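>>> I'll drop the sequence and a predicted model, then ask my questions.
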Amino acid sequence: MYIPLEERETIITFNEKEPTASVYTMNGALIRKLDSLTQSRPDDARRVKTYPDGAQEYEVPKKWVKVSPPRILSDAQREAALKNAEAARKARFG
């Protein structure tokens, strides 16, 4: 079943009372990550439902839901990070 990209949603809902959040998603990478978490942390995360269109619904602790914007780097910080990454790559791969 083909579903257009703009209709492949991820919806996270929670309320102030419950300690868990509901995650409905059609995102393949997120589904793999959540499936892995349900295996490694079954007391914390669980799959609630699988939908015929491929979507999955999970229940996870509300404290796992975060909004984390990327850091804003200055040009000097960006150059230093690039040099550190190159040095690490050379040290690892020669």
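Structure's in. What do you need? Numbers count the residues shown, from 1 in each chain.
>>> what ranges do the strands span in the chain?
10-13, 20-25, 46-50, 56-61 (DSSP state E).
>>> tell me what Arg47 is bridged to.
Tyr58 (DSSP bridges).
>>> re the thing from before, quick one, which of the strands of the chain gets closest to Thr38.
Smallest distance to Thr38 across the strands of the chain (CB to CB): 5.5 Å, for strand 46-50. Just so you know, the C-beta spots here come from the backbone N, C-alpha and C atoms, and that holds for glycine as well.
>>> residue ranges with poor pLDDT in this structure?
Across the chain, nothing is flagged by pLDDT under 70.
>>> okay, which residue is most central for it?
In the chain, the C-alpha nearest the mean C-alpha coordinate belongs to Leu30, at 5.2 Å (CA atoms, centre = their mean).
>>> right, and that one touches Thr10 too?
Yes: with contact defined as CB atoms under 8 Å, Leu30 counts as touching Thr10 (6.2 Å).
>>> shared neighbours, the two?
Residues touching both Leu30 and Thr10 (CB atoms under 8 Å, 6 or more residues apart in numbering): Val23.
>>> who touches the spatially closest residue to Pro19 that is not a sequence neighbour in this structure?
Computed as CB to CB, 6 or more residues apart in numbering, the closest residue to Pro19 that is not its neighbour in sequence is Lys62, at 5.7 Å. Counting by CB under 8 Å, 6+ apart, Lys62 touches Phe14, Glu18, Pro19, Thr20, Ala21.
>>> swap the cut-off to 7 Å and go again
Lys62 makes contact with Phe14, Pro19, Thr20, Ala21, according to CB atoms under 7 Å, 6 or more residues apart in numbering.
>>> any idea how far Glu16 is from it?
Per CB to CB, to the nearest Å, Lys62 is found 9 Å from Glu16.
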